[in-house]
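In: 3D, please:
(one chain, ligands or ions: 1)
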Amino acid sequence: MKLTKLEAEKKVSELKKLLNQANEAYYQDAKPIMSDREFDHKLEALLEIELEFGLQTPDSPTVRIGGAPTKVFNNVTHPIPMLSLSNTYNLNELRDFDRRVKSLLGHDNYTYNAELKYDGMALRLRYENGHLVLGATRGDGTTGDDITANVRTIKDIPLKLHGDVPKIVEIRGEAFMELESFANLNEQREEAGEQTYANPRNFTSGSLKTQDPTIVAQRPVRFFAYDLLLDDADELTQSEKLDMLANFGLPVCDIRAKCDTIDEVCTLIEDWGKKQHTYPFETDGAVIKVNEEKYREILGQTVKAPRWAIAYKFESEQAVTKITDITLQVGRLGTITPVAELEPVLLAGTTVKRASLHNEDEINRKDIRIGDTVMIEKAGEIIPQVIKVVNPDAPNRNEPFQFPRVCPACGSELVRVEGEAAWRCINPKCPPQVRIRIQHFASRDAMDIEGLGEAVVDQLVENKLIETFADLYELKAYEISQLERMGEKSAMKLIEAIDKSRNQPFERVLYGLGIRFVGNKVAKDLAAAFKNIDALCKATAEELTEVDSIGPRIADSVTGFFSSEENTELIERLRNYGLKFKSEGDSEISDKLSGQTFVITGTLPTLKRNEAKELIEMHGGKVTGSVSKKTDYLLAGEEAGSKLDKAKNLEVQIISQEELFELIK
Ligand code: IVH
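Out: Model prediction:
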């Protein structure tokens, strides 16, 4: 249907508004409101109308690269703009790209370099005389944020380059977070009642845009360099530049290949697509670059993207389903999380029935209502999330969802602290919170009380046998045996397990207390630094922040916890029951593994992973989540996955549990 000029103007203005909102949500808030594919379609539609009716203006999203620098950091201008990439979604589109390259060059005497497209946040690094002098975000492509202080905390990024390097080295690359670290950290945040992130990309950009570098330093942000800008690079290829970057000491992803023809590229990236979910980080596609640097200039660029490179997006994992209800979950620390109950739908191989809606603002921003048909997406393969409402103009939609102001569990009034997105129930006796606190106390990383799972805790609380975790130590076997599905034998076993938990080390007790923001790593650090609860109890916020991993927020939470009489009484009771409130000497029993870095993968014959980790740490070794050149050993069990391949590639020594025992004998 042909548009009139008036209709075209209206459509252009609507699309511009929507795309600008999408850009802002993506770049500034790091919370996308539509999928990449949808964004591209809309952008294409806009461009088509703009061109047909001569309506393109310099501020149009078809001209600007998304985002703008934020106001809180110093701005920095990029002498060479940080462009975006055009996308292709199938091999035909990719072949079109090749045809364009060939016709622009007038010959086919070129090769390609294919790389994975890391789904994180673009960074610009500048080294002068080998020293890192700048780390910046892309911003709007011309002006970004100077986040050097934060970038300096990224361990992958050397502060000084190796070897003989040019006076000025400009590097482009991607900061990202590995899926495993993301999942662990998010879990810790959830446990600590903090806001969780929807995917690793948001977590990365959220971290790097934090004002406090000490917080960034605690986040396992990784980096892959993907471009090196040199003055006289004409004789070089992209493949060679990546090798140079690696020699400079920068991490370069080894999933890359030089391809002589587009056919080779197609075969390769199809294979990568199949393996998309085996990589330890998120990737949503590949980037195909004309390999010879000298052709970059000839091919040039459009306003947004170079003509010498293109992104190929793997098929995305989205599905459409209906929201049957919005329910509210009460977390351990009272955080109320809205959850979309969905008509079950198959997504990336699993049936999805629920998706987190994060918080009230998110529901309002996306205008999500009960009964809506929505598009959901697996974010980082972990948490399904609602991307958008598919039928926002449907005539019979329900009224907007009213976020309650009282706790759905206990009816107390909810509070929302300024600056926080979540509503919280602050009634300490709120039943689900009581239950979750006890479950947390009994959990594997805390007191590890076998047999005290969710169902048993629920029964104990419902039957008023316990109100706090301290009450566990007064339970009698006959009381437990009265519970449904609990015989005398299991009751005795549970009593024994509770009894045994008195031997758990101080750091676990501390973690089990459930202090907000104190996950098991922080608990370990606090226990190591203060040695006992009395010292910790007396510590001021300043003293607490002297510990490496403790920022002001954690410090405030810890002092706040100990200033409550209820909490100190609880601790006194636990102390009287014989729980450990001081570190037992030095937990290291040898330094046989000192200076050695381990990664654990697969199922070990007898040790659980956390037990293997503890064992290594007890002997002075360090355990990290992913294999890199810095890894000394990969401890591999059965069904080891991609980490094993990576270790083989990097020639990291691979050992069995048996061999680990040998090392510490
Ligand atoms: S090359 C001119 N290579 O994708 C832009 N980009 O959609 C050249 N990205 O902002 C970019 N992996 O942050 C390139 N191997 C890779 C990449 C990559 C991820 C990101 C990059 C860029 C975005 C464009």
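In: Tell me which residue of the chain lies closest to the ligand.
Out: residue 122 (3.1 Å; Cβ to the nearest ligand atom). C-betas here are computed from N, CA, C, even on glycine.
In: In which helix or strand does that residue reside?
Out: In the assignment (DSSP states H and E), residue 122 maps to strand 121-128.
In: Which neighbouring elements make contact with the helix or strand following that strand?
Out: Moving toward the C-terminus from strand 121-128, the next helix or strand (DSSP H and E) is strand 131-137. Under the contact criterion of 3 or more Cβ pairs under 8 Å, 6 or more residues apart in numbering; DSSP states H and E, strand 131-137 touches strand 121-128, strand 143-145, helix 148-151.
In: just checking, what packs against the first one?
Out: For strand 121-128, the contact count by 3+ Cβ pairs under 8 Å, 6+ apart identifies strand 131-137, strand 168-177, helix 200-208 as packing neighbours.
In: can you list the weak-confidence ranges in the stretch 551-665 of the chain?
Out: Where the stretch 551-665 of the chain drops to pLDDT under 70, the residues are 585-588.
In: mind putting the helices and strands packed on strand 131-137 in a markdown table, mean pLDDT included?
Out: Below are these laid out as a markdown table (pLDDT from 0 to 100):
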| stretch | mean pLDDT |
| --- | --- |
| strand 121-128 | 97 |
| strand 143-145 | 94 |
| helix 148-151 | 92 |
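In: can you redo those as TSV with mean neighbour count?
Out: What follows is those, written out as TSV (neighbours: other Cβ atoms under 10 Å):
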stretch	mean neighbour count
strand 121-128	22
strand 143-145	22
helix 148-151	21
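In: between these, which one is nearest to residue 312?
Out: strand 121-128 (17.8 Å; Cβ to Cβ).
In: neighbouring contacts of the closest one?
Out: 78, 82, 132-138, 144, 151, 157, 161, 165, 167-176, 201, 204-205, 208, 223, 225 (Cβ atoms under 8 Å, 6 or more residues apart in numbering).
In: The residue lying closest to residue 541 once chain neighbours are set aside sits in which helix or strand?
Out: Excluding the flanking residues, the one nearest residue 541 by Cβ to Cβ, 6 or more residues apart in numbering is residue 555, at 4.1 Å. In the assignment (DSSP H and E), residue 555 maps to helix 552-562.
In: Now that helix: buried residues?
Out: Of the residues in helix 552-562, 554, 555, 557, 558, 559, 561, 562 count as buried by neighbour count, 16 or more other Cβ atoms under 10 Å.
In: And the first helix or strand past it going along the chain, what's buried?
Out: Later in the chain than helix 552-562, the nearest helix or strand by DSSP H and E is helix 565-576. Buried positions in helix 565-576, judged by neighbour count with 16+ other Cβ under 10 Å: 567, 571, 573, 574, 575.
In: which residue packs closest to the last one, ignoring adjacent ones?
Out: The one in question is residue 575. Spatial nearest neighbour of residue 575, chain neighbours left out: residue 581 (5.4 Å); criterion: Cβ to Cβ, 6+ apart.
In: Just send the helices and strands packed on strand 121-128 back as TSV, with mean pLDDT too.
Out: Below are these laid out as TSV (pLDDT from 0 to 100):
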stretch	mean pLDDT
strand 131-137	95
strand 168-177	97
helix 200-208	89
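In: Identify whichever of the helices and strands packed on strand 131-137 lies nearest to residue 285.
Out: Nearest of the helices and strands packed on strand 131-137 to residue 285, taken as Cβ to Cβ: strand 121-128 at 14.8 Å.
In: what are the pairing partners of the closest one, and which direction each?
Out: Using DSSP bridges, strand 121-128 pairs in its sheet with strand 131-137 (antiparallel), strand 168-177 (antiparallel).
In: can you tell me if the first one touches the ligand.
Out: No: between strand 131-137 and the ligand, judged by Cβ under 6 Å from any ligand atom, nothing touches; the nearest distance is 10.2 Å.
In: now the angle from that strand to helix 200-208?
Out: Strand 131-137 runs at 120 degrees relative to helix 200-208, counting by axes from the mean of the first three to the mean of the last three Cα atoms, to 10 degrees.
In: again with the longest one
Out: Compare the direction of strand 168-177 with that of helix 200-208 by the same axes, to 10 degrees and you get 120 degrees.
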